[in-house]
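Undergrad: Fold the following.
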Amino acid sequence: MPEQLIFDLPIKTAFGREDFFVTSTNATAVKIVENWPNWPLLKLILAGPSGAGKSHLAYIWSEMTAGIVIDAKSLMDIDLRSISEVALCVEGLHQIAGNEELEAHAFHLHNLTQENGVPFLITGIGVPATWGLTLPDLASRINGTAVTELRAPDDMLLNALLIKQFNDRQIAIDPKIIGYLLQRMERSFTGVSRLVTELDETALKLKKPISIKLARIVLDSYI
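TA: Take a look at the predicted model:
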């Protein structure tokens, strides 16, 4: 039997505050981000592993502050003076390490936000000391910025993330399957994303609903 074609349909990701699940692993970071008026020098770095929810929390923050979110790699295509006049989040600053022009733009933008007295949120994978920024002035400013981290997920958060990602794909999932996955899956944010994607794609290929039997097939393929 030929495999079913898989169409690259858009996934509707929910980014509302009610869709961000708070547990003991991220409660401190959430509290600090939401307390933005009291950040030292009105700036903060939100760090954490890939898929930890940095973008989601940045979006929530931008809604709270009527601000904007931009990607660090797009800094050369943006009018820095204009965007530095409102609450601003620069995502993925770690990605521009070693790029002299982008680092220079980031340094200039940092200074503009400070001059204008607007809140400035920066996200990145891992702590700033591991980013490898090469522009001394930028590295100095980043190292002098308060940092909060999203940590590895606990069972409660993994459970919520699994349900959310299935919901984003409009898949109703049996709680028994969630429990089965929690006992056997890779315990990371990227592990959740990879597992849900492969379960969805495998179910489409086999033309079968997601079940414990199908979950076993996918999990066994990781060995």
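Undergrad: tell me the domain boundaries of this structure?
TA: Annotated domains of the chain cover 26-149, 155-220 [automatic domain parsing].
Undergrad: ok, of the ones you listed, where does mean pLDDT dip lowest?
TA: Set side by side, the domains of the chain differ in mean pLDDT, and domain 155-220 is lowest with a mean of 90.
Undergrad: Tell me which stretches of this protein form helices.
TA: Assigned by DSSP state H, the helices in the chain fall at 27-34, 54-65, 80-83, 100-116, 136-143, 155-168, 175-184, 189-206, 212-220.
Undergrad: I'd like those helices written out as a markdown table, with distance to residue 44 added.
TA: All C-beta spots, glycine's among them, are computed from the backbone N, C-alpha and C. Output for those, formatted as a markdown table (distance: least, CB to CB, whole Å):
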| stretch | distance to residue 44 |
| --- | --- |
| helix 27-34 | 7 |
| helix 54-65 | 9 |
| helix 80-83 | 17 |
| helix 100-116 | 12 |
| helix 136-143 | 11 |
| helix 155-168 | 21 |
| helix 175-184 | 32 |
| helix 189-206 | 20 |
| helix 212-220 | 38 |
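Undergrad: what's the most buried one of those?
TA: helix 54-65 (a mean of 20; mean count of other CB atoms under 10 Å).
Undergrad: rewinding a little: of the domains of the chain, which is nearest residue 20?
TA: Among the domains of the chain, the nearest to residue 20 by CB to CB is domain 26-149 (5.5 Å).
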